[in-house]
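J.: model the structure of this input:
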Amino acid sequence: MPPIGEKPANTVGGFTIELPEETLAAGAETYPCWIFPMEVVGPSMVVGGAVLRTTPGLHHGNITSRPKTGEGIRRCEAGAGNEGTDITRGGMVLFGSSTQKSGEEWYRFPDGDGYRVRTGFEIVARMHYLNPTDTPLKVNPVYEWFTIDESKLVHEMGPFLWMYNNFSIPPRQMYTASADCFLPNDHPSQIVTMLPHMHALGRSLKGSFIGGPHDGHAFLDSEGYNPDDGVLVQYEPPVDLTEAEGVRFECTWQNTFDKTIVEGVGDNEMCMVFGYAWPVDKAYTLVADPTNCIMFPTPPPS
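T.: Residues are numbered from 1 along each chain as shown. As a prediction, this is how the structure comes out:
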């Protein structure tokens, strides 16, 4: 089910950012990046939910934290790294949104679940704007996070990312990229949320158990792309990977072009899932391509 569109229970504070307004010309595609101070109000550093509010024009936004590099709101510097380097430096994935989403999109974790942010960190907003219309659009997304009473925290979560790379979709064909990915030993991972990320050619994104009592059963069966309703899902109870040997990860597209589509932006496509899981050190990232797949624990926040 999608998360409930309301503040989490036991909210005691939070923080917010507002992206500077940008006007997109008809058909324009831009990639602005901004840095914001992390100004948490209240006694807690545990996030139990968040909301994005945006008008049309937001294709996607990846919001992360990283160790502080300066003061105030400012453009990202050249060579500022990426989401992966933020996380390896002890940062946190703060928000990922459905493709071409407008209106509101909520994360409202189950009571007692949350992820931790740190003092001495800043927020990096790497945005992807796209205006698919024939008239200009103004876009300035606003993100708000809600912190919860730390004494009520039961499960501290960590972020994960699943991605399939180096695929090639033949012209005018339906195509599926699939990988069997095996978990390391000792993997009591409990998946709380999953957010598929595909573009307009996406038709299906699936995740299924390999081995264990649910072998072959799909725990994620998404259309992959739905700008009207979004594709974020939340599990109560969580998806339990403890007894599985691994997961099967697959994306299906319908190529409507007279050209080959590959991984990328513009007319090209993606096959990704972003989510949260607990325990914090058992949130498993997955990287696949046509010849291989590896799964490894996402570095927990330091």
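J.: helices along the stretch 51-200 of the chain, start to end?
T.: 83-88 (DSSP state H, counting those that start in this stretch).
J.: lowest-pLDDT helix or strand in this structure?
T.: The weakest-scoring helix or strand in the chain, judged by mean pLDDT, DSSP states H and E, is helix 83-88 (a mean of 83).
J.: how about that helix: buried residues?
T.: Neighbour-count burial for helix 83-88 flags 83, 86-87 (criterion: 16 or more other CB atoms under 10 Å). Bear in mind the C-beta positions are built from the backbone N, C-alpha and C, glycine included.
J.: ok, those residues vs Val280, which is closest?
T.: Among those, Ile87 lies closest to Val280 (CB to CB), at 12.2 Å.
J.: which elements pack onto the least confident helix or strand of the chain?
T.: Where contact means 3 or more CB pairs under 8 Å, 6 or more residues apart in numbering; DSSP states H and E, helix 83-88 is packed against strand 58-67.
J.: without its sequence neighbours, what residue ends up closest to Leu137?
T.: Gly57 (4.2 Å; CB to CB, 6 or more residues apart in numbering).
J.: what do you get for Ser102?
T.: Spatial nearest neighbour of Ser102, excluding adjacent residues (CB to CB, 6+ apart): Pro56 at 4.4 Å.
J.: low-confidence ranges in the stretch 201-302 of the chain?
T.: For the stretch 201-302 of the chain, applying pLDDT under 70 flags the ranges 301-302.
J.: and the strands in it, which stretches?
T.: 202-210, 218-222, 233-240, 246-254, 261-262, 272-278, 284-289, 292-297 (DSSP state E, counting those that start in this stretch).
J.: a markdown table for those strands, including mean neighbour count and distance to Ile63?
T.: Shown next, in a markdown table, are the strands of the stretch 201-302 of the chain (neighbours: other CB atoms under 10 Å; distance: least, CB to CB, whole Å):
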| stretch | mean neighbour count | distance to Ile63 |
| --- | --- | --- |
| strand 202-210 | 20 | 22 |
| strand 218-222 | 17 | 22 |
| strand 233-240 | 17 | 18 |
| strand 246-254 | 22 | 24 |
| strand 261-262 | 18 | 27 |
| strand 272-278 | 24 | 11 |
| strand 284-289 | 20 | 18 |
| strand 292-297 | 16 | 22 |
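J.: re earlier: correct me if wrong: the residue nearest to Ser102 contacts Lys138.
T.: No. Pro56 lies out of contact with Lys138 (CB atoms under 8 Å); the separation is 9.5 Å.
J.: those two: who's more crowded?
T.: Applying other CB atoms under 10 Å to Pro56 and Lys138 shows that Pro56 carries more neighbours, namely 17 against 12.
J.: check what pLDDT that one gets.
T.: pLDDT, Pro56: 93.
J.: same thing with the one 10 residues further on?
T.: The predicted structure scores Arg66 at 94 on the pLDDT scale.
J.: cool, and Arg89?
T.: As predicted, Arg89 sits at a pLDDT of 84.
J.: phi, psi for it please.
T.: Backbone torsions of Arg89, given as degrees, to the nearest 10, read phi -90, psi 10.
J.: give the contact list for it.
T.: Residues near Arg89 by CB atoms under 8 Å, 6 or more residues apart in numbering: 66-67.
J.: could you check how far it is from Thr119?
T.: For Arg89, the distance to Thr119 equals 15 Å [CB to CB, to the nearest Å].
J.: neighbours around the closest residue to Asn140 other than its chain neighbours, how many?
T.: Leaving aside its chain neighbours, Asn140 sits nearest to Glu21 (3.9 Å; criterion: CB to CB, 6+ apart). Summarising burial for Glu21: neighbours were counted as other CB under 10 Å, giving 10.
J.: so what's Glu21 up against?
T.: 138-140.
J.: can you put these in TSV and add pLDDT and distance to Gln100?
T.: Below are the contacts of Glu21 laid out as TSV (pLDDT from 0 to 100; distance: CB to CB, whole Å):
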residue	pLDDT	distance to Gln100
Lys138	96	16
Val139	96	11
Asn140	95	16
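J.: from these, pick the one nearest Asn165.
T.: The closest of the contacts of Glu21, once distances to Asn165 are taken by CB to CB, is Val139, at 28.6 Å.
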